Structures are given as C-alpha cells and as structure tokens.
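Student: have a look at this prediction, sequence included:
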Amino acid sequence: MKHQINGVTLNVFDSSIVNSQSSIALVSLHYFGGSSRSWHGVIECLADEYRCIAPDLRGFGDSQATPGGYAVNDGADDVAALIEHLGIERYVLVGHSMGGKIALALAARQPAGLQSLILLAPSPPTPEPMAEAERQRLLNGYGDRRAAEETIRKITARPLPDALFEQAVEDNLKSGRAAWQAWLQSGSREDIAADMERIKVATLVVAGEKDKGMTPAVLRREVVERISGASLTVVPDASHLLPIEAPAKVAKLIRAYLLPAA
C-alpha cells in the first residue's frame, strides 16, 4: 500500500487486516539495498500475533526515490511520520543493518509508544567498519546484476533458495542511485553514538555467527555496550541477511523477547 509521508510516496506492507493477539505493532526496517520483502518470512511467522508493518525506505524497493533526504535522521523522520500516519500507539522497532541505524536514531528521540528495540546485524551508531575497497566496489557496482549477485553471496552463510536469491538481487537493482550513494558515502559513516545514552527501552541485538562485517564482537562493542541494559544473542550458522537466511529463528527470538509485553 502506498502512503504519502513527508512529501514522499512510501510503499508499506501492513498486515493490519489480520486479527492479531497483541496491541503491539512490529515496525520493521530493511537493510541497505533491500526492501520490505526481506521481512516476509519473519512476518509469516508473526502476523497472527502482531500487526506487522514494513516500509520500503525512501529510495528503495517500490518507494519514491528523491534527490536527497537520505541522512540517518531523515530516515528516522520518515519512519516516525509513518507511525503517526498509521495511528500506531504501541510498537517495537525492528531494524536490520541500515534499518538498524535508523531505528537507533529514532529510539534515541524517546518517541511515545516505543516499547522496545530489536536490532538485527545493525549498522552501528559509530561509522560502519567497512573496508574502503568494499565501499568502492559497492559504489562502482550500482545497478550491475553481477555485482548484486556477488554482494548477496558475500553476506549469506550459504546459498539462498533460488527465489529468495532472485528477490534479493532484484531489490538491490531497484535501489535509487541517490539513496545508494548517500548511504555508502555518508549515512554509513555518520556518528550518532553520543545519542545512544538516551535510549531507555529494552534492547536486543542479534548477530549472525558467520557475519564477517557486523561480527558479534563488533556489535557488542559498538552497540550493546553503548545502550543501558542491552543484550546480545547470536544466531548460529547465519551471516548478515538474518531475516532472509533464518526467518523462523528470527521470529522465535522476537516472540520470546516480546512475550512479557504482549
């Protein structure tokens, strides 16, 4: 479904037609080069229990690509406005990779209604530890199918089923050029670490055991230790694309973490 948010058309998956058992909504934010479709496997496991909302972030998926507006706090502005637009009163932010950094920025504002924060292999609040050679490879590979295929293979622990692999490649190729360049050149390098002390909600950080970039050690040091009371859990035999590689395991972690608040 399309919504006009902050003057931008955002494509949003919303399972609100399902009679969920909880008054808490899950607002899930996708990874760089991804879309709301990356959450479908997780949502299939949880839609009977929670209202599940997953937007295509500005410039990705089927959302509008604009010339600018891609700073981390711009993304947080879009998500905050979407939550207000949809009339959501109680919600959990679930952020993956790039979406994790946007979720961190929004949580630091202490928005009304935010119950907790779940971060899957999040880009940290400090500049992302990305090798410059890899950053340049991604910049040079914009819109190139072979580069997209290489990227998906690099950030998964084992080959994805054909349909999911093709979905991930298609999402990568749909990314708007301005959004693509902005994240690599500036968003991933932003430092919002000073704001992390303002996050007061329960926070779970999830790492893939075989993630070579957002390793468990990096996430503990750069995310968990900056947020009061945050905890870390590791998904065995998974890499960076946790919602696609291990949707049932991710859903189980979310369900267990939120059960007391449901």
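Tutor: Structure received. Numbering: from 1, shown residues only.
Student: separation between Ser23 and Leu173?
Tutor: Applying Cβ to Cβ, to the nearest Å, the value for Ser23 to Leu173 is 38 Å. From N, CA and C alone the C-beta is placed, and that goes for glycine too.
Student: how about the helices in the stretch 101-250 of the chain?
Tutor: 132-140, 145-154, 162-174, 177-185, 216-222, 242-245, 247-258 (DSSP state H, counting those that start in this stretch).
Student: Asn11 is nearest to which of these?
Tutor: Within these, the stretch nearest Asn11 is helix 162-174; the backing value is 10.6 Å (Cβ to Cβ).
Student: in that closest one, what's buried?
Tutor: Leu164, Phe165, Gln167, Ala168, Val169, Asp171, Asn172, Lys174 (16 or more other Cβ atoms under 10 Å).
Student: so it versus helix 247-258, what angle?
Tutor: Per axes from the mean of the first three to the mean of the last three Cα atoms, to 10 degrees, the angle that helix 162-174 makes with helix 247-258 is 80 degrees.
Student: run through the neighbouring helices and strands of helix 162-174.
Tutor: Judged by 3 or more Cβ pairs under 8 Å, 6 or more residues apart in numbering; DSSP states H and E, helix 162-174 is in contact with helix 145-154.
Student: okay, the helix it packs on in CSV with CA atoms only?
Tutor: Taking Å, rounded to 0.1, in the frame of the first residue of the first chain, the C-alpha atoms of helix 145-154 are listed here in CSV:
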residue,chain,number,x,y,z
ARG,A,145,23.5,-7.5,-11.8
ARG,A,146,26.8,-9.4,-11.4
ALA,A,147,27.8,-7.0,-8.6
ALA,A,148,24.5,-7.5,-6.9
GLU,A,149,24.8,-11.3,-7.1
GLU,A,150,28.3,-11.1,-5.7
THR,A,151,27.1,-8.9,-2.8
ILE,A,152,24.3,-11.3,-1.8
ARG,A,153,26.7,-14.3,-1.9
LYS,A,154,29.1,-12.4,0.3
